[in-house]
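*Asks:* Sequence isn't available, so here's the structure alone:
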C-alpha cells in the first residue's frame, strides 16, 4: 500500500501578514497606510492560494484586470509593492522565484483616438484663480476652506503640508514659509502630525504679495474668533512639551481642518468639475510656473521633489506658445 505524501500549503495571506509585520518598523506611517490598502486589494484575489503555486501568468492577468478600471500610475505603485512582497518571500526562502518581475503594465488597450484625446484633455486641465472664483460662486463652502484651495494653487504645497502649517511657520518679514511637517491619517484612523514625505520635502518657499496680504487678513479674523469664543475656541497641544500648537487652517471655532473635512467640499466641486481633485491645484501651480519661464530646477526644489524628472514628467503642461518658441530658436545646420 502506497501512502500519499501530504504537502503543506503555504497560504498567501499568512506570508502577506508577516510581510506587513516586517514593514511596520521599516517604513513611515503614511507609507504603511498605503500598504494596508494594497494588502486588501491583493487579498481579494490571492488570499487562500498557495504562494508557491502563483505563476507569472496569473499575476499578469491580475494586473490586466486591475488596469481596466485603475490608472497606470496607481497600478505601478501596487506593482512595486507586490514585487517587494515576493522579494521578501524569496529572501526568506518561501518561494524560489519572483513572479511579478516579468509583468508588463500597459495603460491603453484598444482605445480609439477620440477617447485618447478626451482623456488627454482631462489630464491637462490647469486651474486659475478665475476658475476657482467661478466654482465657488456656484457652491456653498466655508471661507476658511475656500482659502485653502486658493492657498494650494498659489503655493503648490501638498494637502497634508498645508493643513499642518502653524503661524510659527510663517515669516512675514522675510515673506517665507517653512515646510517641516505633514498631516496624515495613522493606522488607528486618527489624524496626526508626521515628518515630511522625504528629506527634500523639508524646505522653504516664498509668499507672493497677494497671499501675504490674504494671510494677514485671515489671521486678524482668526484672532477675533479666538477673542470672542474664549474657552470655547478649540486648542491643540504638543504631548511632549505641552505647548499649544497654533494651527493656521481651522474652522471658526478653532477645529483643525483635516483632509477628511475637505473631501466634503471636493465632492461639491466635483458636481461642477467632474475630474477635480486637490492635487490638481499642485499640478496647476507647476504648469503656471513653467509657462512663466521659471527654471524647472527651481520649481522642483519649491515642490520638494528629489529630482527634476518627477516635476517634468508628472506635473507640467507647457503651453503651445512655449513649444512654438522652442522650435523658432532651433537652428539645424
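*Replies:* Here it is on my side, so go on. Predicted, not measured: the structure shown is a model, and the values here were computed from it.
*Asks:* Could you pull out the helices in the protein for me?
*Replies:* 12-24, 29-46, 56-67, 72-91, 113-123, 129-136, 143-155, 159-163, 209-229, 259-270, 279-291, 296-303, 308-310, 320-329 (DSSP state H).
*Asks:* In JSON lines: these, plus mean pLDDT.
*Replies:* Compiled in JSON lines, these are given as follows (pLDDT from 0 to 100):
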{"stretch": "helix 12-24", "mean pLDDT": "95"}
{"stretch": "helix 29-46", "mean pLDDT": "92"}
{"stretch": "helix 56-67", "mean pLDDT": "92"}
{"stretch": "helix 72-91", "mean pLDDT": "94"}
{"stretch": "helix 113-123", "mean pLDDT": "57"}
{"stretch": "helix 129-136", "mean pLDDT": "94"}
{"stretch": "helix 143-155", "mean pLDDT": "95"}
{"stretch": "helix 159-163", "mean pLDDT": "94"}
{"stretch": "helix 209-229", "mean pLDDT": "94"}
{"stretch": "helix 259-270", "mean pLDDT": "93"}
{"stretch": "helix 279-291", "mean pLDDT": "87"}
{"stretch": "helix 296-303", "mean pLDDT": "82"}
{"stretch": "helix 308-310", "mean pLDDT": "62"}
{"stretch": "helix 320-329", "mean pLDDT": "54"}
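*Asks:* looking at these, which is buried most?
*Replies:* For these, the largest average neighbour count (mean count of other CB atoms under 10 Å) is found in helix 159-163, namely a mean of 23. C-beta coordinates here come from the backbone N, C-alpha and C atoms, glycine included.
*Asks:* List the contacts of that helix.
*Replies:* The contact list for helix 159-163 (CB atoms under 8 Å, 6 or more residues apart in numbering) reads 30, 148, 151-152, 155, 179, 181-184, 194, 196, 201, 247, 249, 256-259, 262, 278-279, 304.
*Asks:* make it 7 Å
*Replies:* When contacts are defined by CB atoms under 7 Å, 6 or more residues apart in numbering, helix 159-163 is touched by residues 148, 151, 152, 179, 182, 183, 184, 249, 257, 258, 259, 278.
*Asks:* Over to stretch 208-215?
*Replies:* 147, 151, 154, 170, 172, 175.
*Asks:* same deal with stretch 94-101?
*Replies:* Against stretch 94-101 from outside (CB under 7 Å, 6+ apart): 10, 15, 51-52, 54-56, 59, 79, 82-83, 86-87, 89-90.
*Asks:* Quick one: end-to-end length of it, please.
*Replies:* End-to-end distance for stretch 94-101, by CA to CA, to the nearest Å: 17 Å.
*Asks:* What are the buried residues along it?
*Replies:* 94, 95, 98, 99, 100 (16 or more other CB atoms under 10 Å).
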